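Chemist: build me a structure from this.
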Amino acid sequence: MPDNKEILFKKVVHDNKDRLHRLSKGFCGNSADADDLFQEILIRIWSSIDSFRNESHINTWVYRVATNTALMYKKSMAANRKRTDNSHKEYTTIVLESDVDTKHQNEVMMSKLFSAIAMLKEVDRLIVTMLLEDMSYNDIATITGLKPSNVGARINRLKVKLSEIINTL
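Modeler: Now for the predicted structure:
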């Protein structure tokens, strides 16, 4: 018989798996690393779910755990990359063909978007990913520690920056 922790965990994963996948992809920019990060997030949620104190909505708490895990994951990835090959840099190459179908064009645009998001600073990645999840400015401010008015101003600057990055890809 499943215990309360297992039931809560399954509900949290069911309710948040898509947004956690998108957060992972936004942080990593590629599917392989995103899958690893997603697994790391699930492990972190499982191991800390007992510490949830109902001071916020469970989905806000999950997102905070996920973003903290993503930040730590990126730092460890950067450290590992420096150790293994200091001169190696990853570049995402997007190939566009003139006569592709709409579905493929959408996939290419999404790939460009996630590649562009991955090029942003960590806090900016968080903000953009949460915005894509339709989170309110107040929720974004709570998770990032920024003021809601600062979140709005940052989002406007990030939209311009993302557009510039996407146009260069």
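
Chemist: please make it C-alpha for all contacts and neighbour counts, starting now.
Modeler: Noted.

Chemist: so which bits of stretch 69-79 are buried?
Modeler: Using 16 or more other CA atoms under 10 Å as the test for burial, stretch 69-79 gives 69-71, 73-74.

Chemist: could you do stretch 126-144 as well?
Modeler: Neighbour-count burial for stretch 126-144, counted by 16+ other CA under 10 Å, picks out 126-131, 137-141, 143-144.

Chemist: now the end-to-end length of it.
Modeler: Stretch 126-144 has an end-to-end distance of 8 Å (CA to CA, to the nearest Å).

Chemist: what residue ranges in this protein score low on pLDDT?
Modeler: 1-2, 78-104 (pLDDT under 70).

Chemist: element containing the residue nearest the centre of the chain?
Modeler: Centroid check for the chain by CA atoms, centre = their mean gives Leu23 as the closest residue, at 2.1 Å. Using DSSP states H and E, Leu23 falls within helix 4-28.

Chemist: after that helix comes which helix or strand?
Modeler: helix 31-48.

Chemist: now the helix or strand following that following helix, how far from the centre of its chain.
Modeler: Next along the chain after helix 31-48, taking DSSP H and E as the criterion, comes helix 58-84. Taking CA atoms, centre = their mean, to the nearest Å, the mean C-alpha location of helix 58-84 is offset from the chain mean by 9 Å.

Chemist: what's the angle between helix 58-84 and helix 31-48?
Modeler: Angle, helix 58-84 to helix 31-48, by axes from the mean of the first three to the mean of the last three CA atoms, to 10 degrees: 130 degrees.

Chemist: coming back round to it: of the buried residues of stretch 69-79, closest to Lys10?
Modeler: Distances from Lys10 to those, taken as CA to CA, are shortest for Thr69 (18.9 Å).
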